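# predicted coordinates and the sequence they were generated for:
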Amino acid sequence: MLKNITLTVLCLFGLNMTIKAQVTFDEDTLFTDGYVAATASDYAELIAETKIHNKGSLPDTIIWYRNVNNLPSVNWTSAVCDVIQCYDVTTNSAEFIIDAGVIRTLSFHFYPKIDNGKGQMVVRFAKKSNQTIYTDIYINVQGYGLNIKTLKKADFSLFPNPAKENLVINSNSANSGQFTIVNLLGETILSGAFENGKPIDTSSLTTGIYCVNVIDGTSVTSSKLVIQ
């Protein structure tokens with residue numbers, strides 16, 4: 001009898017993993033940057049995109065929530081476009097059906113005006129039938145004018161990631177540099193200098209997700225860090 005129960009549990013576990021793997025995303029950390037509008041009446045838009053795949057044999061209903069929307073100033077707004085439509089800047093949740101075997105585009109839009117700065121949007125996509133199965137998409141944005149540092153995709157690696165008490169930054173473009181670690185509220189939690197291969201003490205960081213920024217000359221590159 002015990003053997004049969006164990007086999008049933010294993011089968012259910014395998015089924016759950018199959019369901020979880022049915023809906024996937026090309027990337028869960030996105031970057032976009034560009035110039036801000038000079039005045040409140042001018043128009044500017046910065047866009048980041050990823051793809052959602054339904055690899056299963058049945059349609060799936062996905063619900064999304066914009067959990068974080070940290071923008072540089074009140075002159076900025078942002079919005080989400082799912083596979084059905086683009087929503088207004090005040091919409092923080094919606095749902096859609098993705099058919100079996102299809103790939104669709106999700107896009108995230110920022111409307112920067114007047115003020116330079118960096119921001120982040122975090123949107124959670126979950127199965128409506130079981131919202132413990134989800135993927136968080138992190139969208140990092142920077143708006144700038146002339147002579148302002150630009151944001152681009154990370155050209156450095158983090159090890160280990162997830163990390164606990166120590167973190168090593170290895171830059172592809174320099175042997176050393178400056179770094180900041182920022183939480184999801186946009187607050188700088190840790191900063192300083194790093195050297196390739198030299199551990200950084202991260203024991204003061206609480207469990208969660210952070211953004212690591214590496215400053216190299218005239219550019220800032222960013223990557224997601226998980227602290228366990």
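Perfect, thanks for sending it. This one's a predicted model, so the numbers in the text were calculated from it and none came from an experiment.
# for Ser223, see how far away Asn172 is.
Distance, Asn172 to Ser223, by C-beta to C-beta, to the nearest Å: 12 Å. In this view, the C-beta of every residue, glycine as well, is placed from N, C-alpha and C.
# cool, Ala174 as well?
From Ala174 to Ser223 the distance is 15 Å (C-beta to C-beta).
# what do you get for Asn54?
Counting by C-beta to C-beta, the gap from Asn54 to Ser223 is 28 Å.
# quick one: contacts for Pro160?
Leu167, Val168 (C-beta atoms under 8 Å, 6 or more residues apart in numbering).
# in stretch 165-185, what counts as buried?
Under the neighbour-count criterion of 16 or more other C-beta atoms under 10 Å, stretch 165-185 has Leu167, Val168, Ile169, Ser171, Gly177, Phe179, Thr180, Ile181, Val182, Asn183, Leu184 buried.
# so what's Ile227 bridging to?
Beta-bridge partners recorded for Ile227 (DSSP bridges): Ala163, Gly208.
# and it, how many neighbours does it have?
21 (other C-beta atoms under 10 Å).
# isn't it right up against Thr206?
Yes. At 6.9 Å, Ile227 counts as touching Thr206 under the criterion of C-beta atoms under 8 Å.
# CA-only coordinates of the strand of greatest length in the chain in PDB, if you can.
Counting residues, the longest strand in the chain under DSSP state E turns out to be strand 130-144. C-alpha atoms of strand 130-144 as PDB (Å, rounded to 0.1, in the frame of the first residue of the first chain):
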ATOM      1  CA  ASN A 130      -3.100  28.100  -9.700                       C
ATOM      2  CA  GLN A 131      -1.500  31.400  -9.000                       C
ATOM      3  CA  THR A 132       1.400  29.700  -7.100                       C
ATOM      4  CA  ILE A 133       2.700  29.000 -10.600                       C
ATOM      5  CA  TYR A 134       4.100  32.400 -11.800                       C
ATOM      6  CA  THR A 135       6.900  34.200 -13.500                       C
ATOM      7  CA  ASP A 136       8.000  37.700 -12.500                       C
ATOM      8  CA  ILE A 137       9.200  39.900 -15.400                       C
ATOM      9  CA  TYR A 138      11.700  42.700 -14.400                       C
ATOM     10  CA  ILE A 139      11.800  45.700 -16.800                       C
ATOM     11  CA  ASN A 140      14.700  48.100 -16.100                       C
ATOM     12  CA  VAL A 141      14.500  51.600 -17.700                       C
ATOM     13  CA  GLN A 142      16.600  54.700 -17.900                       C
ATOM     14  CA  GLY A 143      15.800  58.000 -19.500                       C
ATOM     15  CA  TYR A 144      18.600  60.400 -20.300                       C
END
